[in-house]
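Undergrad: Fold the stuff below for me.
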Amino acid sequence: MTLGSLGLYQQTSRLTPKQWPSLGEYREDVSLDDFRTGPPMEPMDRLLPADAYWAAKRIASVRAPVLAPALDAGEYHDDSARALLGELVRDRQRLTVRWGFAQVTPCEVDRLEQAGPRFPAAVILRDEAVSAGLVTAAEAGYRVELLDDDGKPWAKPLRLERVGGALFPVRLAETAPGYVVLRVKSAHSGREAPRAMEVHLVHGGAAWRVVGIVH
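TA: From the prediction side, this is the model:
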C-alpha cells in the first residue's frame, strides 16, 4: 500500500506481543461503535438496537464452563498465554455485552402476578444489566408509563429509584383498560437509555396476559 501510493500512505505499525506471540493482535479494547468489516457485512450494516441487544444476551450466556474447553482446544503450550487469552476473551465479552445492553432498555418480564385478595396484579421486570453485574441496583432508575391501545396515558408516569435488586414490580390497577402498554425507560448511572422497552398486556376479568414485548 505504501509503494502503490508513492509514499503518501503510511501504514500503521502492527503491534505483536513479544511475550505471547501466539496471541497475535487480539486485545480487549475495541471500539464497537466504529467497528467495520471489510468487505461490508449486510447484517451489521442493517443492525437494529433490538438486534444488538439480542446478540448481547446470547454472548452474555457464554459462561466459564463453555470457555474452558474452547481454550483447551487451542492447545497452548504456554499456560500464561492461555490464561491471558481467557482474560482477554472475558474482557471483550463484558465490553460487547455492555455495549449491546446500552442500545435499549435491557429489561425483561420475569413473571406476571395475578391479582389476589390483598394485592393488585403486577408485572415483575428484570433488569438484565443489573443481573449481569454491569451496574448496581443503586445506580439504576426507571421511568414507567402505562398507556391504552391508542397510546394515551391512563395513569401518571412513575419514576422508580433504587429498587433494591434486578427485579422490580409494576402494579396494574383493576380499573385498567382491556389493553395496556407498559413502557419502561431505564437510566443507568444517570445515563438514560436511548430506547424504551414495552410490554403489551391484555386482561379479561381478573386474568392478565402478556401478548408482546418490544425493545
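
Undergrad: Spatially, which residue comes closest to Arg98, not counting chain neighbours?
TA: Distances taken as C-beta to C-beta, 6 or more residues apart in numbering place Leu134 nearest to Arg98, at 5.3 Å, with adjacent residues excluded. C-beta coordinates here come from the backbone N, C-alpha and C atoms, glycine included.

Undergrad: Quick one: residues contacting the one you found.
TA: 94, 97-98, 101, 188 (C-beta atoms under 8 Å, 6 or more residues apart in numbering).

Undergrad: Got the phi and psi for it?
TA: The phi and psi values for Leu134, taken as degrees, to the nearest 10, are phi -80, psi -30.

Undergrad: And the biggest strand by length in the chain, what's buried?
TA: Counting by DSSP state E, the longest strand found in the chain is strand 179-188. Neighbour counts over strand 179-188 (16 or more other C-beta atoms under 10 Å) mark 180-188 as buried.

Undergrad: what does stretch 111-126 give?
TA: Those would be 112-113, 115, 121-123, 125-126, for stretch 111-126 by 16+ other C-beta under 10 Å.

Undergrad: okay, how far is it across it, tip to tip?
TA: 9 Å (C-alpha to C-alpha, to the nearest Å).

Undergrad: got it, and stretch 115-131?
TA: 26 Å.

Undergrad: Out of the buried residues of strand 179-188, which is nearest to Gly38?
TA: His188 (33.1 Å; C-beta to C-beta).

Undergrad: So the closest one is in contact with Tyr142, correct?
TA: No. Between His188 and Tyr142 there is no contact under C-beta atoms under 8 Å: 10.0 Å.

Undergrad: Where does pLDDT dip in this structure?
TA: For the chain, the stretches with pLDDT under 70 are 1-33, 35.

Undergrad: Okay, domains of it per the record?
TA: 21-101, 107-214 (automatic domain parsing).

Undergrad: Once you drop chain neighbours, what's closest to the residue nearest to the spatial centre of the chain?
TA: The centroid of the chain falls nearest to Phe101 when counting by C-alpha atoms, centre = their mean (2.2 Å). The shortest distance from Phe101 to any non-neighbouring residue, by C-beta to C-beta, 6+ apart, is to Ala129 (4.9 Å).
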